[in-house]
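Asker: Okay, predicted coordinates and the sequence, questions at the end:
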Amino acid sequence: MEIAVLGGGNGSFAAAGDFALAGHSVRMWRRDGAAVACHRASGGAITVKDFRGSHTATPTLVTSDIAEAVRGAELIVCPTPAFAQADIARHLAPHLSDGQVVFLPPGTLGSFLFAQAARRAANRARVAFAETGTLPWLARKHGPYEVQISARGKHLPTGVFPQASAGWALTVIERAFPGAIRPCGDALSGALMNAGPIIHPPLIIMNAAPLEHFEKWDIHNEGTQPAVRRVTDALDRERVAIREALGYGAPHFPLADHYAASGPEWMYGRGSHERLTKSGDWRERIVLREHRYMIEDVRMGLALLASTARLAGVAVPLVEAFLSIGGAVCDEDFSRTGRTLESVGLGGLDRIGVQKLLREGFA
């Protein structure tokens with residue numbers, strides 16, 4: 001199928017490389033024109049490394065022209081951090097056409113943000129916007145055009161906006177992720193599957209001292225100790241409580257399954273945490289005020305959880321605590337600068353109104 005991949009980070013290179021290796025026609029877009037020129041001059045290939053070895057993938061096109069990248073694409077995949085979504089959505093909005101599906105893995109309710117951008121651009125094309133609970137690849141770039149994939153998603157709970165379009169939208173996405181897509185309802189349900197705001201805030205905040213002390217620190221290895229795990233599980237219970245209060249049914253993909261040796265498989269399947277830590281790819285220098293775990297997962301992800309909890313009438317003391325502590329670390333009020341239902345355009349609606357809009361789309 002024709003797939004456009006937006007972005008130039010770890011997830012975007014993993015996506016473009018994996019899709020090309022699977023036989024899809026892939027067009028890759030990056031905003032950085034100089035980086036695109038260098039990639040094209042090197043031949044435009046991507047080296048994908050995984051447990052099977054090293055593979056060379058060649059996208060059909062690498063470009064800084066987003067109109068060229070998405071023209072004729074059946075599926076547009078945007079595996080970028082949430083803080084990049086608003087700008088990309090503005091670039092993309094005028095160029096969407098009937099029948100396209102935009103997929104954000106994960107989304108932090110970015111699916112609705114992208115839909116709002118298209119609406120503001122007066123683009124009335126019939127487009128579906130979807131998001132899932134995690135990046136489908138545990139991946140890190142090892143060079144400008146080389147990416148290491150430690151694990152791939154096996155279960156991707158996916159919500160769609162408008163939910164009325166879920167039937168055909170999920171069929172399109174399934175062709176790119178065969179056997180992995182798990183329908184979970186509307187876009188907010190998809191956003192409430194996001195694992196990043198659950199696993200990463202305890203890791204980066206509870207490990208703040210060693211992160212600032214040591215040159216490199218693997219918070220998924222040394223940082224994932226029993227005390228941190230207990231807090232993470234309690235934080236995840238708040239996420240599940242929000243889902244249940246809003247009427248979203250199981251499975252909720254509790255993060256505890258990520259670490260379990262038995263029971264239901266989590267999104268990456270069995271043993272993914274061990275593969276992640278053994279890879280060594282997450283032993284890195286982390287600058288607290290700049291790292292994605294802080295500025296995306298704490299600032300944006302927890303702000304969204306806090307605002308959704310207010311809609312649902314659920315107490316979330318750990319969500320609020322990590323949001324406040326993270327803001328204090330960064331000298332910023334994350335409850336004001338983060339992503340909320342109000343900031344994406346769902347403010348002023350009660351639960352019934354929000355879920356009706358998410359189900360039916362804009363009038």
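Answerer: Here it is on my side, so go on. Everything quoted here is computed from the prediction, not taken from an experiment. Residues are numbered from 1 along each chain as shown.

Asker: all strands of the protein, in order?
Answerer: 2-6, 25-29, 46-50, 53-57, 61-63, 75-77, 101-104, 128-132, 137-143, 146-152, 156-161, 181-186 (DSSP state E).

Asker: Quick one: those strands as CSV, columns for mean neighbour count too.
Answerer: Every C-beta, even on glycine, is put in place using the N, C-alpha and C of the backbone. Output for the strands of the chain, formatted as CSV (neighbours: other C-beta atoms under 10 Å):
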stretch, mean neighbour count
strand 2-6, 26
strand 25-29, 24
strand 46-50, 21
strand 53-57, 13
strand 61-63, 21
strand 75-77, 25
strand 101-104, 27
strand 128-132, 30
strand 137-143, 20
strand 146-152, 21
strand 156-161, 29
strand 181-186, 22
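
Asker: so which of the ones you listed gets nearest Phe362?
Answerer: strand 156-161 (9.7 Å; C-beta to C-beta).

Asker: All the helices of the stretch 101-250 of the chain, in order from the start?
Answerer: 110-120, 166-176, 187-191, 196-206, 208-213, 226-245 (DSSP state H, counting those that start in this stretch).

Asker: got the ones you listed as JSON lines, with distance to Leu61 and mean pLDDT columns?
Answerer: Shown next, in JSON lines, are the helices of the stretch 101-250 of the chain (distance: least, C-beta to C-beta, whole Å; pLDDT from 0 to 100):
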{"stretch": "helix 110-120", "distance to Leu61": "22", "mean pLDDT": "97"}
{"stretch": "helix 166-176", "distance to Leu61": "17", "mean pLDDT": "98"}
{"stretch": "helix 187-191", "distance to Leu61": "29", "mean pLDDT": "98"}
{"stretch": "helix 196-206", "distance to Leu61": "30", "mean pLDDT": "96"}
{"stretch": "helix 208-213", "distance to Leu61": "39", "mean pLDDT": "92"}
{"stretch": "helix 226-245", "distance to Leu61": "39", "mean pLDDT": "97"}
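
Asker: Distance to Ala34 and mean neighbour count added to the ones you listed, as JSON lines?
Answerer: Converted to JSON lines, the helices of the stretch 101-250 of the chain look like this (distance: least, C-beta to C-beta, whole Å; neighbours: other C-beta atoms under 10 Å):
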{"stretch": "helix 110-120", "distance to Ala34": "26", "mean neighbour count": "24"}
{"stretch": "helix 166-176", "distance to Ala34": "29", "mean neighbour count": "18"}
{"stretch": "helix 187-191", "distance to Ala34": "34", "mean neighbour count": "29"}
{"stretch": "helix 196-206", "distance to Ala34": "29", "mean neighbour count": "24"}
{"stretch": "helix 208-213", "distance to Ala34": "32", "mean neighbour count": "13"}
{"stretch": "helix 226-245", "distance to Ala34": "40", "mean neighbour count": "17"}
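
Asker: still on that earlier bit, so which of the strands of the chain comes closest to Arg310?
Answerer: Proximity to Arg310 (C-beta to C-beta) singles out strand 181-186 among the strands of the chain, at 18.3 Å.

Asker: Are there helices or strands packed against the closest one, and which ones?
Answerer: strand 156-161, helix 166-176, helix 351-360 (3 or more C-beta pairs under 8 Å, 6 or more residues apart in numbering; DSSP states H and E).

Asker: strand partners of the shortest one, parallel vs antiparallel please.
Answerer: Based on DSSP bridges, the pairing partners of strand 156-161 within the sheet are strand 128-132 (antiparallel), strand 181-186 (parallel).

Asker: What is the least confident helix or strand in this protein?
Answerer: Sorting the helices and strands of the chain by mean pLDDT, DSSP states H and E puts helix 272-279 at the bottom, at a mean of 74.

Asker: Run the angle between it and helix 196-206 for me.
Answerer: Per axes from the mean of the first three to the mean of the last three C-alpha atoms, to 10 degrees, the angle that helix 272-279 makes with helix 196-206 is 50 degrees.

Asker: Find out how far the helix or strand that comes right after helix 272-279 is from the centre of the chain, if you would.
Answerer: In the C-terminal direction, the helix or strand that comes right after helix 272-279 (DSSP states H and E) is helix 292. Its chain's C-alpha centre and that of helix 292 lie 12 Å apart, by C-alpha atoms, centre = their mean, to the nearest Å.

Asker: do the same with stretch 158-173
Answerer: 17 Å.

Asker: Figure out the length between the terminal residues of that stretch.
Answerer: 10 Å (C-alpha to C-alpha, to the nearest Å).
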